[in-house]
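In: need a 3D model of the sequence below.
(chains A, B, C and D)
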Number of protein chains: 2
Amino acid sequence: MISKKCKYAIKAVLYIARKSEENRPPFAAEIAENEHIPLKFLETILRELKNNRILLSKRGKMGGYVLLKKPEEIKLMEIIRIMDGPIALSPCVSLNYYSPCDDCNEATCMIKKVFEQVRDVTLEVLGGSDIKMMVDKEKELRQAK
Amino acid sequence: MISKKCKYAIKAVLYIARKSEENRPPFAAEIAENEHIPLKFLETILRELKNNRILLSKRGKMGGYVLLKKPEEIKLMEIIRIMDGPIALSPCVSLNYYSPCDDCNEATCMIKKVFEQVRDVTLEVLGGSDIKMMVDKEKELRQAK
DNA sequence: ATTTATTCCTATCAAATTGGTAGTATTAAT
DNA sequence: ATTAATACTACCAATTTGATAGGAATAAAT
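Out: Numbering: from 1, shown residues only, chains lettered A, B, ... in the order given. Model prediction:
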């Protein structure tokens, strides 16, 4: 399970991506209202995304947030790692947050082997899902109905 | 990430499966010592596995634990669900613990679409991994070195 | 220059979850 | 009866989660 914070973060990034095609950069209060996220909580999330080079912020009146990279270059994987840390089922199979097991023999441990498979297929999906694709497909789905 | 409790549970089940091929049913203290699991914590885990029809326990002197089902019929998936609950990244894509999202439109939400893919590939791996396979393969790996 | 609207920062907090521990009751073999 | 095991109940400390409060810093508009 991802945290609420992480889901808020994804929704915020998707919102900013959608709006940056059309209007001027949205500010936190606008995102909070439209996506039903507590404003103060959202502020800390946006700051975290900024500090991790997903967003760019502009301060002061008429400020707001924009994507730092092109939407096709932002993978869902990145956002989840920033907000929630490891994606893997166990630290011993985490690529970005690896830490060894205390007592199991990593050469023969079958838990590790299976969890490595899970990690690989998961990262294939999450690494293949970028913000542009998601915004585009969402638009399609909305029109299709 | 799965919890420590869940990893302990998997290790305990694997241990019981290994021993039931050879010796008489192991008891909690033996598992605890060999797998480095705090005894009292392990007891609650074993009870939970018993209550969820993975294990069978025998009380009193010379008691212990055995698998309730054949090892090839116990999937890793089951144990994880029992100990940690949902495997999915979000309640809205959970098969066994589904709960709808408050505000997102489930028909068009791309987070849901991607998370469904992750769920499917994950369950394919975890549903295809059973205790017999794991014990057998672990044995192979140990001999290979 | 002042006002206004925004992000940035720090501190705090309640509730839930995690990872246990303690003590005792119950059961069954010897 | 004694002994050795599981079953049950209750508790607990540390961490994480999901926030909230209050203001400082910044920049645009007037």
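In: quick check: residues of chain A near DNA strand D?
Out: Contact residues (Cβ under 7 Å from any atom of the strand) of chain A with DNA strand D: A:3-5, A:38-41, A:44, A:58-63, A:84. (C-beta placed from N, C-alpha, C; glycine too.)
In: out of these, which are buried?
Out: Among those, those classed as buried by 16 or more other Cβ atoms under 10 Å in any protein chain shown are A:Asp84.
In: farthest-separated two in the residues of chain A next to DNA strand D?
Out: Within the residues of chain A next to DNA strand D, two members stand farthest from each other by Cβ to Cβ: A:Lys61 and A:Asp84, at 33.5 Å.
In: hang on, the earlier thing: nearest to B:Lys132, of the residues of chain A next to DNA strand D?
Out: Closest to B:Lys132, out of all of these and judged by Cβ to Cβ, is A:Asp84, at 33.6 Å.
In: which residues are in contact with that closest one?
Out: A:Ile2, A:Ser3, A:Lys5, A:Cys6 (Cβ atoms under 8 Å, 6 or more residues apart in numbering or on different chains).
In: the second one against A:Ile82, yeah?
Out: Meaning A:Ser3. No. Using Cβ atoms under 8 Å, A:Ser3 makes no contact with A:Ile82, being 11.6 Å away.
In: ramachandran coordinates for the nearest residue to A:Val114 once chain neighbours are set aside?
Out: Once flanking residues are discounted, A:Val114 sits nearest to B:Ser129: 4.7 Å by Cβ to Cβ, 6 or more residues apart in numbering or on different chains. The phi/psi pair for B:Ser129 (degrees, to the nearest 10) reads phi -100, psi 110.
In: and what of A:Ala107?
Out: When read as degrees, to the nearest 10, the backbone of A:Ala107 gives phi -80, psi -30.
In: my guess is it contacts B:Glu138. True?
Out: No. Contact criterion Cβ under 8 Å: A:Ala107 and B:Glu138 do not qualify, at 10.4 Å.
In: neighbour-wise, which of those two wins?
Out: B:Glu138 (18 against 10; other Cβ atoms under 10 Å in any protein chain shown).
In: still on that earlier bit, the residues of chain A next to DNA strand D in helices, which ones?
Out: Per DSSP state H, helices hold the following members of the residues of chain A next to DNA strand D: A:Lys4, A:Lys5, A:Leu39, A:Lys40, A:Phe41, A:Thr44, A:Asp84.
In: what is the burial count for A:Leu68?
Out: Neighbour number of A:Leu68 under other Cβ under 10 Å is 15.
In: residue contacts, it?
Out: Counting by Cβ under 8 Å, 6+ apart, A:Leu68 has contacts A:Lys50, A:Arg53, A:Ile54, A:Leu55, A:Leu56.
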